[in-house]
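Chemist: dropping a prediction and its sequence here:
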Amino acid sequence: MIEIPDIDAAADVCQQLALEAVDFDATRAINALQALAQLEAQVKAARSELTERALRGLEQPILIGNTAWSKKLSTKKRPDHEMILGRLRGMLDRPDRETGELLTVPEAVDRAVDLMVGLYVSPSALPKVGGLKALGLTLDAVTREESDGYKLVATELPS
């Protein structure tokens, strides 16, 4: 049976690995990365199973050391797109304050796109493929590649 000190020992090994990694050549570093990737997958699976077991069995808070463990309902914010659409339509239907004129179609489109970008897009976010398709565009057509450093790539070769 696995005991908590066994898990602590695995953490100690990882800590020692981090300290010794400065002396690794590329081959040893890549071998260690492969082993850690397998370890990470197993840790993720174990963490998921343990979390599920804890949630199923936790009826009231449990105090372990100075930490109280309890269940809390997890929620997510979901946007009300109809409300946003209504507000957007209202903003685009109003006459200009200075001239009293309604926006032209191109002006309304420009303003709507600016508002939608402000609502949903960060500078690094990629447009959704379905929306691009509706405009007759592709992701390749509307993006450019920027260098953001190097990443290590593993390519499996045939035996």
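Modeler: The structure has been received and is ready for your questions. Everything numeric in this text was worked out from a predicted model, so none of it was measured. Residues are numbered from 1 along each chain as shown.
Chemist: please count neighbours and contacts with C-alpha atoms only from this point.
Modeler: Will do.
Chemist: now do the helices in the protein.
Modeler: Counting by DSSP state H, the chain has these helices, from start to end: 4-20, 26-57, 81-93, 105-120, 129-134, 139-142.
Chemist: same list (these) but as a markdown table, adding mean pLDDT and mean neighbour count.
Modeler: Written out in a markdown table, the entries for those read as follows (pLDDT from 0 to 100; neighbours: other CA atoms under 10 Å):
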| stretch | mean pLDDT | mean neighbour count |
| --- | --- | --- |
| helix 4-20 | 96 | 11 |
| helix 26-57 | 95 | 12 |
| helix 81-93 | 86 | 12 |
| helix 105-120 | 85 | 12 |
| helix 129-134 | 84 | 12 |
| helix 139-142 | 88 | 10 |
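Chemist: quick one: closest of the ones you listed to Tyr150.
Modeler: The minimum distance between Tyr150 and the helices of the chain falls on helix 26-57, with 14.6 Å, by CA to CA.
Chemist: start to end distance for stretch 59-77?
Modeler: Its start and end residues considered, stretch 59-77 measures 26 Å (CA to CA, to the nearest Å).
Chemist: export the helices of the chain to JSON lines and tack on distance to Ala154?
Modeler: Formatted as JSON lines, the helices of the chain follow (distance: least, CA to CA, whole Å):
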{"stretch": "helix 4-20", "distance to Ala154": "21"}
{"stretch": "helix 26-57", "distance to Ala154": "9"}
{"stretch": "helix 81-93", "distance to Ala154": "42"}
{"stretch": "helix 105-120", "distance to Ala154": "34"}
{"stretch": "helix 129-134", "distance to Ala154": "28"}
{"stretch": "helix 139-142", "distance to Ala154": "24"}
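Chemist: for Asp148, find the nearest of those.
Modeler: Where these are weighed against each other on CA to CA, the nearest is helix 139-142, at 17.9 Å.
Chemist: gap between the residue most central in space within the chain and Leu135?
Modeler: Of all residues in the chain, the one closest to the mean position by CA atoms, centre = their mean is Ala125, 11.1 Å from it. Distance of Ala125 to Leu135, computed by CA to CA: 18 Å.
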